[in-house]
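Asks: could you work out the structure for the sequence below:
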Amino acid sequence: MPDEGLAASDGRSPRPKRRRFVLIGVAVLALVLVAVGGVVVGRATAPGPTIVVAPGPVVEVSPVATPIPEGPLPVASVAATSSPAAPRPGLVATAAPEPWPAIFTPSNDLSNTPGTASGYRLTRAGLDGAALAASLAEVFGPAGEVSQTEAGWVVGDLDGAAASVVVTDDPLLTWTFVDPVATAAAKAGAAIPQDQAQELASALLSRLGVDVADVDWQVDRFSDVTAVTAWQVVSGARTALSWTVVFGDQGAVVSASGFAAGIEEVPGYPVVGAATAVRRAALPTWAVLGPSPIDARAGDAVAIATPTPTGTASVGTEGRPTLSVEMSDILVTEAELGLAQFRQPDGNLLILPAYLLTGDDGSRWSLIAVTGDDVRFVDRPYPTADPVAP
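Replies: Predicted coordinates:
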């Protein structure tokens, strides 16, 4: 029997024709969340700090929430437009990852019921970058007025002599605080206890408008500092978004980083059936969004690697050597509709409906579930070592 979902939702050309995709921005509204066309569930920040700290931390508190799998798309440096007026943001697919040596086939009894599901986007609507810089400076303490630069806004000394706050005018409104004096004063072996560090970080982030009741904590002890990371949680699962505050001895804030953001629920994404999604992933263009492996223990996306050749070369007819290619033939036996995170070409992040697949070999994978109306494939020249001048 023909796969009606595949024919109806994704047999059409993936080239932009009537795409409803847009890139969306990220926001807090002067440290207060405002919902725009959806339900704001929290604030979020960059995946990790931009602060350089000593290697080899001792993890004193580990996150407990299951992480949302990350899709296969890398962040590509390609210009993209945005239109916050779109009813729901779609995914921009710009580049394929290294191929995973696996071929996926849905089992005969794999569910194939289409439907709708919610996704999440980060919104920057109405955010004043200068006001954000001033608010951060009030919390962290660098002296001076807000100055606008080509990249964003600054408060304090950027020459490294005194503390400073930097807000970057990017899609995520990235912000960073650094205190060189506190950094120099931090003493090895004198870092504060983890429970005190977490309490101080919670108080600081609360002043920034963060709902600390909806985060997943992580505390890392380095030789002279303690780094506290608050991971944003959505629907009970951990995103790749976080705030990080680094403390020296006696609770001095050495550095902090993140970006201002509100996470907004976007209901009504049409999704294809699970069997359709698996078959669709074998199509030439949709292979860019093929299944991403998930660590069965933690739920994290795992690194894709080239298999190590094994065995000896085989000999074919008339003594000619034949090529041996290793691959995995995976029969998908289970599929559960959940969420996956996808980085966008401008550095933004979308959390979209995705199937969490289980293979007959026990392997687990995430696979995009939305229909073709919410994915825009963007042509871009393949990077070569010696590009031809126009």
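Asks: gap between the residue lying farthest from the centre of the chain and residue 268?
Replies: Distance from the C-alpha centroid of the chain peaks at residue 318, with 52.6 Å (C-alpha atoms, centre = their mean). For residue 318, the distance to residue 268 (C-beta to C-beta, to the nearest Å) stands at 61 Å. Where C-beta positions appear, they are placed from N, C-alpha and C, glycine not excepted.
Asks: likewise for residue 134?
Replies: To residue 268, residue 134 is 37 Å away according to C-beta to C-beta.
Asks: over to residue 347?
Replies: Computed as C-beta to C-beta, the residue 347 to residue 268 distance reads 25 Å.
Asks: show me what the strand or helix carrying residue 165 is packed against.
Replies: Counting by DSSP states H and E, the element that carries residue 165 is strand 164-168. Packing partners of strand 164-168 (3 or more C-beta pairs under 8 Å, 6 or more residues apart in numbering; DSSP states H and E): helix 129-140, strand 152-156, strand 174-178.
Asks: domains for this structure, by residue range?
Replies: By the assignment in automatic domain parsing, the chain contains the domains 4-42+68-123+269-306+324-377, 129-264.
Asks: looking at these, which is nearest to residue 383?
Replies: domain 4-42+68-123+269-306+324-377 (9.3 Å; C-beta to C-beta).
Asks: element containing residue 227?
Replies: With DSSP H and E as the test, residue 227 turns up in strand 226-234.
Asks: now that strand, how far from the chain's geometric center?
Replies: Taking C-alpha atoms, centre = their mean, to the nearest Å, one finds strand 226-234 lying 14 Å from the centre of the chain it belongs to.
Asks: from now on call the first residue 32
Replies: Sounds good: first residue 32 from here, last item strand 257-265.
Asks: strands paired with that strand, and their directions?
Replies: Each strand that pairs with strand 257-265, with its direction, by DSSP bridges: strand 246-252 (antiparallel), strand 268-278 (antiparallel).
Asks: redo the ones you listed as TSV? Include mean pLDDT.
Replies: As requested, these are arranged in TSV below (pLDDT from 0 to 100):
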stretch	mean pLDDT
strand 246-252	94
strand 268-278	93
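Asks: among these, which is the most enclosed?
Replies: Of those, the one with the most neighbours on average (mean count of other C-beta atoms under 10 Å) is strand 268-278, at a mean of 25.
Asks: then whatever helix or strand comes next after it to PDB, C-alphas only?
Replies: Remark: after strand 268-278, the chain's next helix or strand is strand 284-290, criterion DSSP H and E. Extracted as PDB, the C-alpha positions of strand 284-290 are listed here (Å, rounded to 0.1, in the frame of the first residue of the first chain):
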ATOM      1  CA  VAL A 284      31.900  36.500  40.800                       C
ATOM      2  CA  VAL A 285      34.800  35.900  38.400                       C
ATOM      3  CA  SER A 286      32.800  35.800  35.200                       C
ATOM      4  CA  ALA A 287      29.400  34.900  33.800                       C
ATOM      5  CA  SER A 288      27.800  34.500  30.300                       C
ATOM      6  CA  GLY A 289      24.700  33.700  28.500                       C
ATOM      7  CA  PHE A 290      22.100  35.400  26.300                       C
END
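Asks: from the contact counts, what lies against strand 284-290?
Replies: Checking 3+ C-beta pairs under 8 Å, 6+ apart, strand 284-290 ends up next to strand 205-209, helix 211-216, strand 268-278.
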